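Colleague: output the structure for:
(one chain, ligands or ions: 2)
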Amino acid sequence: MPPAEIAAIGPMIREVAAGLLHLVFPTPCHVCGRPLGRGRRSALCRECWEALERVGEAGCGRCGWPFPAAAAAHGVEQPLCQRCRETHDHFEAARAVLLYRDGGIARAAILLCKHGGRPGLLRHLAGLLAREAPADLMRRTWDAAVPVPLHWRRRWRRGFNQAEALARAVGRRHGLPVERRCLVRVRPTPPQRGDTAARRRNVRDAFAVRHAERIAGKRVLLVDDVFTTGATGNACAAALRAAGAAAVGVLTLARVE
Ligand SMILES: [Zn+2]
Ligand SMILES: [Zn+2]
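Modeller: Numbering: from 1, shown residues only. Ligands and ions are numbered 1, 2, ... in the order given. Purely as a prediction, here's the structure:
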């Protein structure tokens, strides 16, 4: 038997052994605990995957929030929600696909990726973001996708930046180059908490642009996992605009209710 074929036996045996083990001890779904279906390698069962909560049709022209008054605001082309009427943002529009709420499946799945390092699940979520990216954001035409960066130390510790995986999937599906070295986090910031003002202070001057020539004059689509108050997206957009980007849009996998 040629050496290459002998070498291929090891992984085959491992695969078969993993399959048998899975039959005897079915892995539970990481969200609901139900046993995962046979052969299902994802961390989520089919029921949980299908029950991921979606953000409704965009209501607010800026942040996309489906606020109830939007439907009633006839005649207004793009009504703004209270948040957007009270805040100045450096991004043109922000949209998300999933709802991030306490006890929700989307939140559980995103936290699993972030802290459990689940590359398979992250790939699935990235695919979902790319497929379901709201059309009213995507049709504005973008020139490049830019992931929200982690500080290099955090990225090194974690081994990956999930915003990067999301941006890659979006770039692939929508034909956008991914500029992942343009925007950098120049100082580590504590996790975002508190109200909008506190969050804005926390990320002020945290981002800088390197190789400004790569984004100068371009319409940049910023990609991240969660939109909470928009403070991070806004700080990134401010840095990109100051470096010459023509406009910035924000696409996130989820947004806080
Ligand atoms: Zn489940
Ligand atoms: Zn809004």
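
Colleague: ramachandran angles for the closest residue to residue 239 other than its chain neighbours?
Modeller: Using C-beta to C-beta, 6 or more residues apart in numbering and skipping the chain neighbours, the partner closest in space to residue 239 is residue 207 (4.2 Å). Where C-beta positions appear, they are placed from N, C-alpha and C, glycine not excepted. Per-residue torsions, residue 207: phi -120, psi 150 (degrees, to the nearest 10).

Colleague: correct me, but residue 207 touches residue 150?
Modeller: No - using C-beta atoms under 8 Å, residue 207 is not in contact with residue 150, being 11.2 Å away.

Colleague: where do the contact lists of those two overlap?
Modeller: residue 185 (C-beta atoms under 8 Å, 6 or more residues apart in numbering).

Colleague: roughly how far apart are the residue nearest to residue 239 and ligand 1?
Modeller: 36 Å (C-beta to the ion, to the nearest Å).

Colleague: below-threshold pLDDT in the stretch 1-150 of the chain: ranges please.
Modeller: 1-26, 38-42, 68-77 (pLDDT under 70).

Colleague: quick one, helices of the stretch 1-150 of the chain?
Modeller: Ranges of helices in the stretch 1-150 of the chain, per DSSP state H, counting those that start in this stretch, are 3-24, 46-50, 69-72, 82-86, 105-116, 119-132, 135-138.

Colleague: stretch 194-202 close to ligand 2?
Modeller: No - using C-beta under 5 Å from the ion, stretch 194-202 stays clear of ligand 2, coming no nearer than 12.1 Å.
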